[in-house]
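K.L.:
Sequence and predicted model, in that order:
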Amino acid sequence: MKLTKLKLSNYKNYTEADIQFNGDVNVIAGDNGSGKTNLLDAIYNLSFCKSNFQHQDSLLVNHNRDFFRLEGMFVESDLTLKVAIAFDSKKKKLIQAGDKKLTKLSDHIGTIPLVFIGPRDIQLIFEGSADRRKFLDSGISQLNRKYLQQLVHYNKILIQRNAYLKTTQLHTYDNGILDSYNSQLIGPAEFLHSARDRFIESFKLTFQESYETLSGGNEKASCAYKSQLAEREIKTLLEDSVQKDVVLQRTTTGIHKDDLLFLLDDRPLKRFGSEGQLKTYLLALKLSMWKELNRHSSNTPLLLLDDIFAKLDNHRVKNLLYFVREECSAQVFISDTHLTRVSDILNELNMDHKVFSIKNNAVNEER
């Protein structure tokens, strides 16, 4: 999948922009705060129907405006797909892919597979398990539409169960009500656990290869899937944790507690990894996700690299771009604060590219 054209109206700091992209590599250069990341976020939005950074669409509207609109033209082989997303001040959101107006995000996720690499990725290592589950869920959801539907259903029932627990006390809860919620969680939980387990079995091998290539093979990196359902059935877990759940007023067991373990030479990466190892590990995770999406999806995923020099020195950036050239067939979008820094490396690697500069909220193609 390649993005040939992007139009923005009132999106974040842009009032209007109309950009024709290169099919291989696109470099977006500008000062900090100029809107480089916002441009990448617009591309992300066309893939996931939401921002990578803001949960509320109203916060994406340009200041003093009452709507935003995004439009992207995508090409895969001989197929062309126009995707448009609009949001107005009445909080009405419209999503259209080709001739279809979409009412569910799950109907679109995976149509334009995409991997975003940026400075916030460090949260995968140092923040809680929710960030690692999001990374896992984002990848699988782009490959398996039923997975996303089951995940949405599980989370909906989980919210309802937790809301009921907040109204109870230890000796006043109704076992029948909790049993009803439990029975609705079992099917989705088993499906999600099985899908995650299968995906990780393939992903971890790809990841080990990617890390070895990026690092030069000096260490052994691995990742593992951790789930309560690996030891006990979800029905038993929920039944045995009832009293604890009532006391804490939340559901303490289930696939929403799953996690990924990141290891380097069989030791926790978070505790023993150096700064360089952390950066290489994160790049290997994200690039491996791209490779898994590419392997199993009918459409080639896009690859977005946001402010990579904030994470890597020149040598590591060159290694990264060399890896992309040799291992990935992606259309790549790269943001940087320096106009020629990435371009110089791309020229050295003989990689075809376009450079765009952002100044005063305007995007200009450099000649």
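P.N.:
Arrived safely.
K.L.:
Could you tell me which residues make contact with the closest residue to Val25 other than its chain neighbours?
P.N.:
Closest residue in space to Val25, ignoring its immediate chain neighbours: His353 at 3.8 Å, by C-beta to C-beta, 6 or more residues apart in numbering. In short, each C-beta sits where N, CA and C put it, glycine included. Counting by C-beta atoms under 8 Å, 6 or more residues apart in numbering, His353 makes contact with Asn22, Asp24, Val25, Asn26, Val27, Ser343, Leu346.
K.L.:
A PyMOL selection for these, restricted to the buried ones, would help me check which they are.
P.N.:
Filtering the contacts of His353 down to the buried ones (16 or more other C-beta atoms under 10 Å) takes a single PyMOL command:
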select buried, resi 22+24+25+26+27+343+346
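K.L.:
Same list, the contacts of His353, but as TSV with secondary structure please.
P.N.:
Shown next, in TSV, are those (DSSP: H, G, I helix; E, B strand; the rest coil):
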residue	secondary structure
Asn22	coil
Asp24	coil
Val25	strand
Asn26	strand
Val27	strand
Ser343	helix
Leu346	helix
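K.L.:
and which of the contacts of His353 is nearest to Asp336?
P.N.:
The shortest gap between Asp336 and any of the contacts of His353 belongs to Val27, at 6.5 Å (C-beta to C-beta).
K.L.:
The closest one is in contact with Ser343, isn't it?
P.N.:
Yes - between Val27 and Ser343 a contact is recorded at 5.8 Å, counting by C-beta atoms under 8 Å.
K.L.:
Please identify every residue contacting each of those two.
P.N.:
His353, Val355.
K.L.:
Show the model's pLDDT score for Pro301.
P.N.:
Looking at Pro301, its pLDDT is 96.
K.L.:
Can you tell me how far the closest residue to it other than its chain neighbours is from Arg196?
P.N.:
Nearest non-adjacent residue to Pro301, counting by C-beta to C-beta, 6+ apart: Pro113, 3.8 Å away. Relative to Arg196, Pro113 is positioned 18 Å away (C-beta to C-beta, to the nearest Å).
K.L.:
Could you tell me which residues make contact with the residue nearest to Pro301?
P.N.:
Met1, Ser47, Gln142, Leu143, Leu293, Asn294, Ser297, Asn299, Thr300, Pro301, Leu302.
K.L.:
how close does it sit to His315?
P.N.:
30 Å.
K.L.:
With Gly273 instead?
P.N.:
18 Å.
K.L.:
out of these two, which sits in the more crowded spot?
P.N.:
Gly273 (21 against 8; other C-beta atoms under 10 Å).
K.L.:
give me phi/psi at that one?
P.N.:
phi -80, psi 140 (degrees, to the nearest 10).
K.L.:
And it, how far from Arg120?
P.N.:
18 Å.
K.L.:
for Leu302, same thing?
P.N.:
For Leu302 relative to Arg120 (C-beta to C-beta), the value is 18 Å.
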